[in-house]
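Visitor: Got a sequence here, can you model it:
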Amino acid sequence: MLETVLILLCAGLFSAASNFPAGAANVGLVNPLIGNTGPEPNFAGGMIPSVAPPFAMTRWVAQTHQNWVSKLPYNYSDSEVIHGFVGTHQPAIWMGESGLVGVVPGQSAEPDGKIYAVFEERGLQKKADTEFFGVSLYKVELDAGNDSGSIGVQMTATSRVSHLRFTFKTATTWHPYILIQASRPSELFHSTPTSSHFNISYPDGLVKIYPAEKQICGYNSEMQDWVIAPVSSVQKQGTAHGGFKGWFCARFDTAFDGSGVVQGTEQQEGREDGFGAELSAYARFEYPSGDAEELIVNVRVATSFISMEQALVNLENEIPDGTTLEDAEKATREAWEEKLGRVEVEGGSADNQTVLMTSVFHALQYPYETHEYGRYYSAYDDQVHDGDSSYNGYSIWDTYRAEWGFLLLFAPERVPGMIQSMLQDYQEGGWLPMWKNIMETNIMIATHADSLISEAILKGFDSGFDVDLAWEAVWKDATVPPERDWEVRYEDREEGVEYEVRAGLSSSYAVPDKGWVADDIHSESVSRTLGYAYDDYALALLAAHLNKSCDVTSLLHDRAMKAPWLVWNSEATSQDDYASEADRKRFEGMTNGFVQARNVNGTWADPTDGFTEGDKWAYSFDIVHDITGLIDKRGGNEAFVKSLNEHYDGGWDWFGNEPSHHIPYLYALAGRPDLTQKRVREVVGANFNATPYGLSGNEDCGQMSAWYIFGALGFYPVNPVSREYVFGSPFFDRLTLHLPVPAHSNPASDSKFYDAQTHSYVLTVEALGAPSAPYVEEIRVNGKLREEPFVRWEEISRGGSIRFAMKSSPPSSAPDLDVVHEEL
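Guide: Numbers count the residues shown, from 1 in each chain. From the prediction side, this is the model:
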């Protein structure tokens, strides 16, 4: 076992045993089921309760459903029957699967009896109270059916390899087998402005059986989101490397007692290879004779996006021969202990601590690595490239808000590689990613990779990638429109179009006498206008930081500060938003001025048009780079606070979608930190809990969880590139983060909060009484009284001390502004 652990460490997969004593206890607090289920996809967390280390390439999970866009492979609400165990690359519930591989145990009544390969036939009932979910281990016992005994399952995984152990407990008259699924019927999701539908496709797979090596290898060519990829990327598939494939190699520790291939419903005993749709291969095993009560079969399944040979390299690098399941599980658990142990929490309920640790667990899964020991496959040009950094699962429209900021603090060792990966996408595909799921998908709007790169460089991450190339890429985003910009609306999930990037740039947004995205030309026009303005602001800061010309900086800054107010209708009110006359009267006159879509000729469009996962309420507060201007447009602090009250008390806050995430912190910027504190606590109570229903909206690659983490710390990045974090209301008595030291830091000279023993910066947030006292009387940052409503990056990124004096009631000096309809 020592030799195996040394191999894993030398391969660079895991850290040595954690220096953080809290690690083991914190791992035990994680509940991977949080956010797995809900009433329907838009009101569920969309998280897959999988086992794998942080940022793993392939995550392994029990399968209760066939998964596709809007459906996960495991759903707690309907999980009594397990249909196998899968290595998934589905990054979010509204994204598709790619390169899935399945492992399915079963038993035949005859030595060459039926293999149950069809999904609907192969399910096995869980035995009550046997299922266990951990960060590094999943366990369950399955009823084998027909009074044939049971099958125990244990499963762990490294980044690219899983280790499963099946314990068959049955009579000798039954014949155990394990099926490896290569391809399956695949549901493709199609969406138009008026309807959505699915159709079934049949991607090809390949299987090869090597009985002497006790090995089954192959691939699955499934990539569900190709239907929404830019047409130029789709056209390149198959031109160089043969197209995307999820390769796998499954190596068993038990000799085969027979094998074969199943295609559709046709079973071919003794066949050793196969190609095509609905394809699986299987290995049979002889049940021990005599008094043996069980048969144990271990299988390690390596995955690769490069080749079968690379899958075998990954196997040898991560879980080589001689490695026990316990060895592999220990290494993965220690990887999580190293990260989770960097968080020390005191106070609060056990459930709240579970939500916190699970939030950290969720926030360290995406983007996921796809480099494979010095090489990576790119679907942008269908080639294998040399390189140590390649990532997928970039849900940037969601994650630029807080998740990226959390990674800058808590996983700085990953940040340069993630930026390098985005720059490779630019070089291989022509643009930075918007929503990368194997290849670009054109999901969501704006080019917020501009924000990610700007924020990182502004916060000191300027090595490990080519800064000049980064500027070239973001400048292209800001200045080059998509093809056929006047012709294509770029509806959500529109198929058969090119890279969407900044649709509307040439038709109206960058036109001197206009400056907004026109609603009669492009979809989601208001959201695009505001998103482009924020990205321009981020690039203006970056341009100044990089000493670009005044013309460049001024162009970006002027567009950023002008565009939002070109879609601001000062005469718009909320009166028509309410169905009841009573509500119209109750809120009459409270809020004046909203953002509104405009047509290319300048006329106002319908007030409900032009929004991405939100409405005029959320987006009228989404001008985060000019909150001062926003407050002024709403009539000053008091009027602005009243409009915030109507947003919440009128029932307009939809926290399950990201445009609302920063809104409770805006009170503090208008002189009412007590109402920020009140609303933050209301939001967290309504949207987070420690059950499978514990996220009110899609996790979206860590953004929901990052919001909770920053909320627990008592500050939030309202404007991510500003390097300022607005104070809120911390959740725990004490929360300490041991922040990893970035490669560009010099801890010996730049921080008195450096801990040499753990090689980390120590950030401590003390808020005694916070669990029951939501209001803040005073704040001290590094011992000094803080009058401003924010803390700066420089005050937290290299450690620090923030002390909140908490109280149970708001300060008596707070103005008595109208708060109505509070029961909503």
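Visitor: can you list the weak-confidence ranges in the chain?
Guide: For the chain, the stretches flagged by pLDDT under 70 are 1-18, 290-291, 748-750, 813-824.
Visitor: which helix is the longest one in it?
Guide: Ranked by residue count under DSSP state H, the longest helix found in the chain is helix 525-545.
Visitor: May I see the buried residues of that one?
Guide: 525-543 (16 or more other C-beta atoms under 10 Å). C-beta coordinates here come from the backbone N, C-alpha and C atoms, glycine included.
Visitor: ok, now stretch 722-738?
Guide: Result for stretch 722-738 [16+ other C-beta under 10 Å]: buried residues 722-738.
Visitor: ditto for stretch 249-267
Guide: 249-252, 254, 256, 258-263, 267.
Visitor: Start and end of that stretch, how far apart?
Guide: End-to-end distance for stretch 249-267: 21 Å, by C-alpha to C-alpha, to the nearest Å.
Visitor: about what we covered before: so of the buried residues of stretch 722-738, which ones are in strands?
Guide: 724-727, 734-738 (DSSP state E).
Visitor: picking up where we left off before, against which helices or strands is the longest helix of the chain packed?
Guide: helix 449-458, helix 467-479, helix 550-566, helix 616-620 (3 or more C-beta pairs under 8 Å, 6 or more residues apart in numbering; DSSP states H and E).
Visitor: what's in contact with the first one?
Guide: The contact list for helix 449-458 (C-beta atoms under 8 Å, 6 or more residues apart in numbering) reads 394, 396, 400, 404-405, 408, 415, 419, 422, 432-434, 467, 470, 473-474, 477-478, 534-535, 538-539, 541-542, 545-546, 720-721, 723.
Visitor: can you confirm residue 646 is in a helix?
Guide: Yes - counting by DSSP: H, G, I helix; E, B strand; the rest coil, residue 646 falls inside a helix.
Visitor: Show me how far stretch 610-627 is from its chain's centre.
Guide: 22 Å (C-alpha atoms, centre = their mean, to the nearest Å).
Visitor: same check, this time on stretch 404-421
Guide: 14 Å.
Visitor: Quick one: end-to-end length of that stretch, please.
Guide: First residue to last in stretch 404-421 (C-alpha to C-alpha) measures 15 Å.
Visitor: Stretch 784-798 now?
Guide: Termini of stretch 784-798 sit 17 Å apart (C-alpha to C-alpha).
Visitor: List the buried residues of that stretch.
Guide: Buried-residue list, stretch 784-798, by 16+ other C-beta under 10 Å: 786, 789-791, 793, 795-798.
Visitor: Please enumerate the strands of the stretch 701-824 of the chain.
Guide: Remark: strands assigned in the stretch 701-824 of the chain by DSSP state E, counting those that start in this stretch are 715-716, 724-727, 734-740, 754-755, 760-766, 775-781, 784-785, 790-792, 800-807.
Visitor: State the distance from residue 345 to residue 705.
Guide: 15 Å (C-beta to C-beta, to the nearest Å).
Visitor: more neighbours, those two?
Guide: Between residue 345 and residue 705, counted using other C-beta atoms under 10 Å, residue 705 has the larger neighbour count: 30 against 21.
Visitor: My understanding was that the more buried one contacts residue 356; is that so?
Guide: No - here residue 705 does not reach residue 356: they are 9.2 Å apart, not a contact under C-beta atoms under 8 Å.
Visitor: what about residue 369, how many residues close to it?
Guide: Look at residue 369: counted by other C-beta under 10 Å, it has 23 neighbours.
Visitor: do residue 432 as well
Guide: 27.
Visitor: show me what contacts the most centrally placed residue in the chain?
Guide: Residue closest to the average C-alpha location in the chain (C-alpha atoms, centre = their mean): residue 701, at 0.8 Å. Shown in contact with residue 701 (C-beta under 8 Å, 6+ apart): 91-92, 365-367, 393-395, 398-399, 403.
Visitor: With residue 346 instead?
Guide: Counting by C-beta under 8 Å, 6+ apart, residue 346 touches 732-735.
Visitor: In JSON lines: the contacts of residue 701, plus distance to residue 757 and secondary structure.
Guide: Shown next, in JSON lines, are these (distance: C-beta to C-beta, whole Å; DSSP: H, G, I helix; E, B strand; the rest coil):
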{"residue": "91", "distance to residue 757": "36", "secondary structure": "coil"}
{"residue": "92", "distance to residue 757": "38", "secondary structure": "coil"}
{"residue": "365", "distance to residue 757": "28", "secondary structure": "coil"}
{"residue": "366", "distance to residue 757": "31", "secondary structure": "coil"}
{"residue": "367", "distance to residue 757": "31", "secondary structure": "coil"}
{"residue": "393", "distance to residue 757": "34", "secondary structure": "coil"}
{"residue": "394", "distance to residue 757": "35", "secondary structure": "strand"}
{"residue": "395", "distance to residue 757": "36", "secondary structure": "strand"}
{"residue": "398", "distance to residue 757": "36", "secondary structure": "helix"}
{"residue": "399", "distance to residue 757": "32", "secondary structure": "helix"}
{"residue": "403", "distance to residue 757": "29", "secondary structure": "helix"}
